[in-house]
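> give the three-dimensional model of this entry:
(4 chains)
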4 protein chains.
Amino acid sequence: MEIGAITAHSNAGAQLGSLQPHLFALADRELVDTTVENLAGHDVVFLALPHGASGALAAQLSDDVLVIDAGADHRLESSAAWEEFYGSDHAGTWPYGLPELPGARAELASARRIAVPGCYPTSAQLALVPGFAAGVLEPEDVVIVAASGTSGAGKALKPHLLGSEVMGGMSPYGVGGIHRHTPEMEQGFSRAAGADVTVSFTPTLAPMARGILTTATARVKPGTTAGQLRAVWEDAYASEAFVHVLPEGQWPQTKAVLGSNHAAIQLAFDERAGRVIVVAAIDNLTKGTAGGAVQSMNIALGFDEMTGLTAEGTAP
Amino acid sequence: MEIGAITAHSNAGAQLGSLQPHLFALADRELVDTTVENLAGHDVVFLALPHGASGALAAQLSDDVLVIDAGADHRLESSAAWEEFYGSDHAGTWPYGLPELPGARAELASARRIAVPGCYPTSAQLALVPGFAAGVLEPEDVVIVAASGTSGAGKALKPHLLGSEVMGGMSPYGVGGIHRHTPEMEQGFSRAAGADVTVSFTPTLAPMARGILTTATARVKPGTTAGQLRAVWEDAYASEAFVHVLPEGQWPQTKAVLGSNHAAIQLAFDERAGRVIVVAAIDNLTKGTAGGAVQSMNIALGFDEMTGLTAEGTAP
Amino acid sequence: MEIGAITAHSNAGAQLGSLQPHLFALADRELVDTTVENLAGHDVVFLALPHGASGALAAQLSDDVLVIDAGADHRLESSAAWEEFYGSDHAGTWPYGLPELPGARAELASARRIAVPGCYPTSAQLALVPGFAAGVLEPEDVVIVAASGTSGAGKALKPHLLGSEVMGGMSPYGVGGIHRHTPEMEQGFSRAAGADVTVSFTPTLAPMARGILTTATARVKPGTTAGQLRAVWEDAYASEAFVHVLPEGQWPQTKAVLGSNHAAIQLAFDERAGRVIVVAAIDNLTKGTAGGAVQSMNIALGFDEMTGLTAEGTAP
Amino acid sequence: MEIGAITAHSNAGAQLGSLQPHLFALADRELVDTTVENLAGHDVVFLALPHGASGALAAQLSDDVLVIDAGADHRLESSAAWEEFYGSDHAGTWPYGLPELPGARAELASARRIAVPGCYPTSAQLALVPGFAAGVLEPEDVVIVAASGTSGAGKALKPHLLGSEVMGGMSPYGVGGIHRHTPEMEQGFSRAAGADVTVSFTPTLAPMARGILTTATARVKPGTTAGQLRAVWEDAYASEAFVHVLPEGQWPQTKAVLGSNHAAIQLAFDERAGRVIVVAAIDNLTKGTAGGAVQSMNIALGFDEMTGLTAEGTAP
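Here you go, the predicted model:
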């Protein structure tokens, strides 16, 4: 693979090194405008644009080009849900770039348009889809609480994202109304369960730059044993290169996956409460979109799935 | 109030300033052994000892002395629960030092023995007890996920508490089995609800020194409106000096209560999921035990409840 | 003391609690515009305004009112230095609000205008002035490297101050040219030394919200012993309530002074290099301006110097 | 390259994944004792052992084996300096694994024993050696202040390294006496300058897991211009793959090099003080030993110097 045009909006004209000083190999590359002209001639195009913009732009790109959208425009199947949560016309649904979901690879293999999920839906679906697909979870009272690093909010200049505000403290955000990622989680769970699943989702902001720790709990269907539960998750990910059900007793930590495309998962059956607790850790910027995008590209182009994604986590 | 003996175990003989360098006014004070002799002659004794030790020591102190236990020994009413979760004989139950609970102040006013709750049960009960007391919450599928600063684990020299391990990442802990604080939460909720409440509780470790952010969710009884819910919490804390239901749209952040005895609370009704989400922020070391201990002392001695507790949070 | 008008610029009209959620006691107070009318009728006025603005506003306030300026306008004695570093007309020099400097209290006692130093000059002067005043330091090759928490930059919405950028890393800033605080340090050192002192100053940004750790080193005059050096600093601060030369072997840490008006100092004589290393820790927001402002007010009004400043550090 | 035996001391017998959970590809590998038997049969052996231990072990390994010592035993040329700072017999001097030093590559090319420098000497020498080699710096009053992440102290279970103690604050350490790394820096500077250089070095502990930001300042020889200074550093590193003199105005930040073998450098000439300030950022665990060890191995074995070291920094 060769990196072609690197585009931007307000930063067009700048050198990449002045904005992303860690990319020494690309430091001298100049950012160009995000236009159809500048994107022309590439075999693969990655888009990370505001809602609405990616749909419009992608429509102008050739059907032969593999377009991978890191934005939300093409993730939801339900136009109604899109309109409710995003308040605009639905741009249509693309194959969903979370390869570890049941049936996803077959759909991605022939795709030239892929919608990669964001960080919350990625971690939440990796956590609970095995249980729904295996029919061991009830569809109600699913509760997900996630702690995200502040890079999840991008580089927006908002007071609550200043270092002085976030270091040393935690806070929730986007509660009250329903977070936009909730219908995407519900879509994934419902598809796996073959029934409507409802989710209560609370995202929180943790004092760290990267990483998501998702705690997902659901009621377990009566008669299911702890051993059966464990087998469901271990079987689901037994042959996955990036998703790891940890040995019993070892719990995921976001630092172990930082900078890598790995996801670490552990589960416990709280028999008193009749609920399973599944904890998933990913790097919100890697598996939680950019890495997932490369992984999806590899599948679509017939490459080995780990191509370009061999980095281990940067820990401690 | 005058600070008498300051006792320790392995650090007896050291000067306080070498261990707690922020206490300049007490820097020259020498720590003495935690013995009945050294505790004799004080009107008030605060204990913060390993499980089992505080019960034994308190039994040797005069009934006239106000003994406030920051340990777990005397918090649980159920001997069976104590034995299940702590594996030793139950030392008995003392008045519970969380003044904002219904009926607590009356019990504390005449007390000479007080068991102060820890940080997780304090924040969890402040979050949900109003709803249980008002009869608007279902007793099942209560889910609590809390993020705590690492000082909650004290100064134990464990690898996973090293700065290199915790900075920049999040991880759960004490999952799998049931956390010892779960029965204490259930006790408080059940007492308020007049029915057995079961809790699924997941504590996580956040990369910050202090503070707890507790996300508590419960199913709302059918027919309850968002306005009714809000009124329940606002009424419960309307006359409290330390517990604040924030204005609508403003969510708690742990930094706003750091170093103070305040608790900040906000709630939202997720009508799609039929669940209320209540978020509570406290300083785990202040309201989450030491400050609550002083507040309880003030009530027991007939002082103004804010005596010695006027500090505002140290933010940002 | 009673808190009168609380003024703002772009936030005028907002409630304080929405901006400073830790100030529960003042949460309902409405911010008003920073005008002479709103400031009228107060006995004491604290100003924290952009360069130039405080001079103009203070000129309109009555001479009877105690005006304490947390901005830079009135700190420098040299108009030339002001014009070189700030590029505008010099507003004049006020008594300097660092009471621990030699002779400062006498000047402050009768003052109705006080210029409080910022965080870097406060810590640097506390670190080295005793040595210059005692004549044991050479005036050349003074090197100061300071690490500051990000709150030192205020709430400016700049990309490099975002949490994602600052957490987990360190960087210098304001190097290259000479930092504006350099002439203020040189002024204090030169006054104490009775000779021109030149300083090389490098500020760095540390991944923490508050606190400054200043490492100051200077060449020691030949013939000075380690014991003599230690005595100089211990004598200088022997009767100070807020500045503490720590016991030998114990080094300052910013957390021990967080939220307090204290300064912690330690020194070592590196005889091989012929240099003394003095490390000073303060809270940049307390002793490093706001607390120093209150301390100066206490002196000017004849109050006990610790009035309103009894808080110990919020550690750990 | 193939990873052979992975050895340990107290952790022998454990699986690597339980100790280093980010190394998913090696998670199942069992740690074995650090014995000559277990090290036999390897072409390359990396040692990271307590002082004294590596010398003794290396002496038992065949001369054909490339032994790369990440410990201090073989870094110093002066037996007297070794004995003064480490208090034991000197094990001898090996070729020094900092390839960017003048003449280093020639020495490493034929080496079968290499002593890799630690994090402080690496960053300090990268910062100042070009100036000493070019003869533009005075040998006295060299001052170095470095801020290190806590991983520099390893996994030692010491109270001051606990997360609660380090998060949110900064402190110096190892001051007072002279830090063991000082003679190593002086050795490198003196070799480059052809004259005895004396260094005042103060290390500080920053609230971050990884990274070192080194601020190095030295007096500039009279008559040297800012342009000449800049040219010295740019020329020194013009053909280096890992050391980058940043464009003017852009300052190093540790996050840009985290997890990578890169070093970022910037300099400024403070003409008022007659001193140059050079700031260097490296990852203390990569370029600051482990990455430098691999880089040195590549040279010794005739590989491309970037083999296995292509990772860019994990930022933000």
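
> buried residues in the lowest-mean-pLDDT helix or strand in chain A?
Confidence across the helices and strands of chain A bottoms out at helix A:53-58, with a mean of 88, counting by mean pLDDT, DSSP states H and E. For helix A:53-58, the neighbour count (16 or more other CB atoms under 10 Å in any protein chain shown) marks A:53-55, A:57-58 as buried. Where you see a C-beta, it was placed from the backbone N, CA and C, and this is true even at glycine.

> from those residues, which is closest to chain C?
The closest of the buried residues of helix A:53-58 to chain C turns out to be A:Ala53 (CB to the nearest CB; 21.4 Å).

> how about the nearest residue to the residue of the stretch 1-150 of chain A found nearest chain C, chain neighbours excluded?
Using CB to the nearest CB, A:Thr150 is the residue of the stretch 1-150 of chain A that sits closest to chain C, at 4.1 Å. Spatial nearest neighbour of A:Thr150, chain neighbours left out: C:Gly163 (4.1 Å); criterion: CB to CB, 6 or more residues apart in numbering or on different chains.

> does that neighbour touch A:Pro207 like I think?
Yes: counting by CB atoms under 8 Å, C:Gly163 does reach A:Pro207; the two are 7.4 Å apart.

> what does the stretch 51-200 of chain A put close to chain C?
A:149-151, A:153, A:155, A:157-159, A:161-168 (CB under 8 Å from any CB of the partner chain).

> and if we set it to 10 Å?
With the criterion set to CB under 10 Å from any CB of the partner chain, the stretch 51-200 of chain A comes near chain C through A:149-169, A:171.

> could you turn the buried ones of these into a PyMOL selection?
Filtering those down to the buried ones (16+ other CB under 10 Å) takes a single PyMOL command:
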select buried, chain A and resi 149+150+151+152+153+161+162+163+164+165+166+167+168+169+171
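
> and the closest residue to A:Ser171 other than its chain neighbours, what does it touch?
Distance criterion CB to CB, 6+ apart; nearest residue to A:Ser171, sequence neighbours excluded, is B:Gln253 at 3.7 Å. Counting by CB atoms under 10 Å, 6 or more residues apart in numbering or on different chains, B:Gln253 touches A:160, A:165-166, A:169-173, A:204-205, B:211, B:213, B:246, B:264, B:279, B:281, B:313, B:315-316, C:21-22.

> still on that earlier bit, overlap in contacts of C:Gly163 and A:Pro207?
Common contacts of C:Gly163 and A:Pro207 (CB under 10 Å, 6+ apart): A:149-150, A:163, A:165-167, C:207, C:209.

> let's have those residues in CSV, adding distance to D:Pro130.
Below are the shared contacts of C:Gly163 and A:Pro207 laid out as CSV (distance: CB to CB, whole Å):
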residue, distance to D:Pro130
A:Gly149, 37
A:Thr150, 37
A:Gly163, 33
A:Glu165, 40
A:Val166, 38
A:Met167, 35
C:Pro207, 29
C:Ala209, 36
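
> for A:Arg272, grab the count of nearby residues.
Number of residues near A:Arg272 (other CB atoms under 10 Å in any protein chain shown) recorded here: 13.

> that older thread, does the residue of the stretch 1-150 of chain A closest to chain C touch A:Pro203 like I think?
No: the criterion here is CB atoms under 10 Å, and A:Thr150 misses it with A:Pro203 at 11.8 Å.

> quick revisit: show me what the least confident helix or strand of chain A is packed against.
helix A:36-39, strand A:44-47, strand A:66-69, strand A:113-115 (3 or more CB pairs under 10 Å, 6 or more residues apart in numbering or on different chains; DSSP states H and E).

> pull out the CA atoms of that helix and give them to me as PDB.
Output of helix A:53-58 as PDB, limited to C-alpha atoms (Å, rounded to 0.1, in the frame of the first residue of the first chain):
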ATOM      1  CA  ALA A  53     -20.600  15.200   4.300                       C
ATOM      2  CA  SER A  54     -19.300  11.700   3.700                       C
ATOM      3  CA  GLY A  55     -22.500  10.500   2.100                       C
ATOM      4  CA  ALA A  56     -22.400  13.400  -0.400                       C
ATOM      5  CA  LEU A  57     -18.800  13.000  -1.200                       C
ATOM      6  CA  ALA A  58     -18.800   9.200  -1.500                       C
END
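
> just how off-centre is it within its chain?
Computed by CA atoms, centre = their mean, to the nearest Å, the chain-centroid distance of helix A:53-58 equals 20 Å.

> equivalent analysis for stretch A:53-69, please.
Relative to its chain's centre, stretch A:53-69 lies at 20 Å (CA atoms, centre = their mean).

> give the buried residues for the lengthiest helix in chain A.
Ranked by number of residues, the top helix in chain A under DSSP state H is helix A:119-133. Going by neighbour count (16+ other CB under 10 Å), the buried part of helix A:119-133 is A:119-133.

> from B:Asp283, how far off is the residue nearest to A:Ser171?
Per CB to CB, to the nearest Å, B:Gln253 is found 12 Å from B:Asp283.

> where along the stretch 151-300 of chain A do the strands fall?
Along the stretch 151-300 of chain A, the segments classed as strands by DSSP state E, counting those that start in this stretch run A:171-172, A:199-205, A:212-219, A:243-245, A:263-270, A:275-282.

> A:Gly194: how many residues sit nearby?
Residues near A:Gly194, counting by other CB under 10 Å: 11.

> am I right that it is in contact with A:Phe132?
Yes: A:Gly194 lies in contact with A:Phe132 (CB under 10 Å); the separation is 8.4 Å.

> where does chain A have low pLDDT?
Along chain A, segments meeting pLDDT under 70 span A:174-177.

> ranges for the helices of it?
Taking DSSP H as the criterion, chain A carries its helices at A:16-19, A:36-39, A:53-58, A:79-86, A:104-109, A:119-133, A:163-166, A:182-193, A:226-237, A:291-301.

> flag every residue of the stretch 151-300 of chain A that's near chain D.
Residues of the stretch 151-300 of chain A lying near chain D by CB under 10 Å from any CB: A:151, A:155, A:167-168, A:207, A:209-210, A:241-242, A:244, A:246-247, A:249-253, A:255-260, A:262, A:264, A:281, A:283, A:285-286.

> one step back: got TSV for the helices and strands packed on helix A:53-58, with mean neighbour count and distance to chain B too?
Shown next, in TSV, are the helices and strands packed on helix A:53-58 (neighbours: other CB atoms under 10 Å in any protein chain shown; distance: least, CB to the nearest CB, whole Å):
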stretch	mean neighbour count	distance to chain B
helix A:36-39	15	35
strand A:44-47	20	26
strand A:66-69	24	26
strand A:113-115	24	23
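
> compare these and give me the one nearest C:Val220.
strand A:44-47 (59.5 Å; CB to CB).

> which of the helices and strands packed on helix A:53-58 sits closest to A:Ala218?
Closest of the helices and strands packed on helix A:53-58 to A:Ala218 is strand A:113-115, at 25.2 Å (criterion: CB to CB).

> what helices and strands are in contact with the closest one?
Packing partners of strand A:113-115 (3+ CB pairs under 10 Å, 6+ apart): helix A:53-58, strand A:66-69, helix A:291-301.

> mind doing that once more with 6 Å?
Applying 3 or more CB pairs under 6 Å, 6 or more residues apart in numbering or on different chains; DSSP states H and E, we find strand A:113-115 packed against strand A:66-69.

> packing partners for the strand it packs on?
For strand A:66-69, the packing partners by 3+ CB pairs under 6 Å, 6+ apart come out as strand A:44-47, strand A:113-115, helix A:291-301.

> A:Trp123 and A:Leu213 touch, don't they?
Trp isn't right for residue A:123; it's Ser. No: when contacts are counted by CB atoms under 6 Å, A:Ser123 is not listed as touching A:Leu213 (8.1 Å).
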